[in-house]
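Novice: Got a predicted structure plus its sequence, pasted below:
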Amino acid sequence: MKTIFRIFLFLFVLNSFGQKKPNIIVIFTDDHGYADIGANGFADDVKTPNIDLLAKNGVRFTAGYITAPQCIPSRAGLLTGRYQQRFGLDQNGTIPLPLDEVLIPQRLKKAGYTTGMAGKWHLDPNPGALEWVKENIPNTDVKDRKNIKIPTKLREPYTSDNRGFDFVFEGYLNTYRSNFDLYDGKKTPPKTVKEKGYRLDIQTQAAITFIKQNKENPFFFYLSYFAPHVPLEATKKYLNRFPKKMPERRRHALAMLASIDDGVGNIKQTLKDLNMEENTLIFFISDNGAPLKINKEDKPISFKGGAWDGSLNTPFVGEKGMLSEGGIRVPFIMNWPAVLPKGKVYNKPVISLDVAATTIAIADLKESKELDGVNLIPFLIDDKKGEPHQSLFWRFWSQSAIREGNYKYLKFGEREFLFDVTTLEHENVNLIKKHPNLAKDLKARLVKWSNTLKNKGIDLATKESEKVWFTHYFPTE
């Protein structure tokens, strides 16, 4: 009876007279490991009461995945709803998000949504997009990346305000590309602004201002927090919440996550104050696992280069840059009080691709066959619905993987693995000798999928860092 009631309620919310379409907020954290929300139960030092409340009053996914263990491709997968390898954005250092790809905000605008974003964008041309630079800026020395300059006229079409977002506060630290005032929401021509204050509080404020400014219409907001990604920085307000002795990089990561958690609480309170909480769907997802740099070295906070960001991937193996669970299984929550069950723990595999398909469905838009994700709502309100996905696929650098049911086949160069990722042993026990035919079948499906991509095949160039990771995390028998 509860399932039938939920389905009825879902249809009622979508179709009731006078009821506007659901608001949608996607909160996307950066280099945030699976352990580091309290609700996942693997870190006793993390303090995320508001994020945990999202899970308590919504759905927490224990097998929520991202499409890549790296920033740019994972963002491209999320916002397009398509495996990013389909359009050649396999990794950082290649191309920006192609202009002919349609993003979630562009789709939702057709359904009458007002759209906005704040924080990290990372999908426009940058000096690291070497394939694009070679093609679009002739006679450029790509070996001298520090001196590569992207002309404004070439970069402009790729910025967030030209990719479907009506309101933007795009930036990382204190410099933003903005077309609205941070506090009163007044629209302005796009310009560069300098904002005083803490970067995460600024990004939260942009979201709250947008919500207040656009409360009369259904809206979509993409809040892309730049944390706990390096450079690590936190204010005393947040650092003081973690007085116990611990690595300083850990303390700073926890403080940054505490700021994000406060932001989630403030956004929820704003929705309550405006009587909008019941009809707002919130996704909370990380863009990939934490970069542990193998040894989690506690380098000085003043060190601004690539280093452990203080976050943890417990209990999973590996880290950012790897297709092991530690690199791609992330915090993943959905909260929609009017429709979703409260306190549900969902163990079947889902992926960030599902965000686009779900938002399109609840916005009452026609299903788009080119999308690779599925609408998750029917699976969450009906336990008899089955698995959302038959297979999930990954390809990154010289790694590739497929998950079907409990099993995951992982390939790195000539090395092959088969894991039951639902067991306590997960990726600590290679089952390929025990189940060789299963591994063979999964590999065949992975190859078939790979051959549909822009850059075909599953054996791409190996990075030196991959060799180090796989030697450390997956020693040969």
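Specialist: Thanks, I have the structure now. Numbers count the residues shown, from 1 in each chain.

Novice: just the helices in the chain please.
Specialist: 2-15, 49-56, 71-80, 104-109, 130-136, 152-155, 199-213, 236-239, 248-273, 325-328, 354-362, 377-381, 436-450, 464-473 (DSSP state H).

Novice: Can you check which of the ones you listed gets nearest to N179?
Specialist: Proximity to N179 (Cβ to Cβ) singles out helix 199-213 among these, at 11.1 Å. Using the backbone N, CA and C atoms, a C-beta is placed for each residue, glycine as well.

Novice: List the buried residues for that closest one?
Specialist: 199-211, 213 (16 or more other Cβ atoms under 10 Å).

Novice: Mind checking the helices of the chain for the one nearest to Y65?
Specialist: Per Cβ to Cβ, nearest to Y65 of those: helix 325-328, 5.2 Å.

Novice: OK, contacts around the residue nearest to M334 when sequence neighbours are not counted?
Specialist: Nearest non-adjacent residue to M334, counting by Cβ to Cβ, 6 or more residues apart in numbering: V59, 4.8 Å away. Residues counted as contacts of V59 (Cβ atoms under 8 Å, 6 or more residues apart in numbering) are I333, M334, N335, L340, P341, K344, V345, Y346, L380.

Novice: Can you turn the buried part of these into a PyMOL selection?
Specialist: Buried residues within the contacts of V59, by 16+ other Cβ under 10 Å, are selected in PyMOL with:
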select buried, resi 333+334+335+340+341+346+380
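
Novice: Tabulate the contacts of V59 (CSV), appending distance to A39 and pLDDT.
Specialist: Output for the contacts of V59, formatted as CSV (distance: Cβ to Cβ, whole Å; pLDDT from 0 to 100):
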residue, distance to A39, pLDDT
I333, 8, 98
M334, 13, 98
N335, 11, 98
L340, 15, 98
P341, 15, 97
K344, 12, 98
V345, 9, 98
Y346, 13, 98
L380, 16, 98
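
Novice: Distance to Y407 added to the contacts of V59, as JSON lines?
Specialist: Formatted as JSON lines, the contacts of V59 follow (distance: Cβ to Cβ, whole Å):
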{"residue": "I333", "distance to Y407": "25"}
{"residue": "M334", "distance to Y407": "25"}
{"residue": "N335", "distance to Y407": "30"}
{"residue": "L340", "distance to Y407": "28"}
{"residue": "P341", "distance to Y407": "28"}
{"residue": "K344", "distance to Y407": "24"}
{"residue": "V345", "distance to Y407": "21"}
{"residue": "Y346", "distance to Y407": "19"}
{"residue": "L380", "distance to Y407": "23"}
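
Novice: taking the contacts of V59 one by one, which sit in strands?
Specialist: Among the contacts of V59, DSSP state E puts I333, M334, N335, K344, V345, Y346 in strands.

Novice: just those residues now: which is nearest N428?
Specialist: V345 (23.0 Å).

Novice: What distance do you get for T452 to L442?
Specialist: Distance, T452 to L442, by Cβ to Cβ, to the nearest Å: 16 Å.

Novice: Over to L257?
Specialist: 35 Å.

Novice: quick one, which of those two is more surrounded?
Specialist: Between L257 and L442, counted using other Cβ atoms under 10 Å, L257 has the larger neighbour count: 29 against 23.

Novice: Surely that one and L232 touch.
Specialist: No. Judged on Cβ atoms under 8 Å, L257 makes no contact with L232 at a distance of 11.3 Å.

Novice: For the most centrally placed residue in the chain, which non-adjacent residue is closest in space?
Specialist: Residue closest to the average C-alpha location in the chain (Cα atoms, centre = their mean): D287, at 3.1 Å. Spatially, and ignoring its direct neighbours in sequence, D287 is nearest to S74 (4.5 Å; Cβ to Cβ, 6+ apart).

Novice: Which residues are in contact with that neighbour?
Specialist: Per Cβ under 8 Å, 6+ apart, neighbours of S74: I66, T67, A68, Q84, D287, N288, S352.

Novice: pLDDT weak spots in the chain?
Specialist: Along the chain, the model assigns pLDDT under 70 to residues 1-19, 458-461, 477.

Novice: wait, doesn't T29 sit right on I285?
Specialist: Yes. Using Cβ under 8 Å, T29 is in contact with I285, at 7.5 Å.

Novice: Mutual contacts of those two, please.
Specialist: By Cβ under 8 Å, 6+ apart, the residues touching both T29 and I285 are P331.

Novice: neighbour count winner among those two?
Specialist: Neighbours were counted for T29 and for I285 using other Cβ under 10 Å; T29 has more, 29 against 24.

Novice: do you know how far that one is from D309?
Specialist: Going from T29 to D309 by Cβ to Cβ gives 11 Å.

Novice: Just the residues contacting stretch 105-113, thanks.
Specialist: By Cβ under 8 Å, 6+ apart, the residues outside stretch 105-113 that reach it are 21, 24, 79, 115, 117, 163-166, 217-220, 222, 356, 359-360, 363-365, 368.
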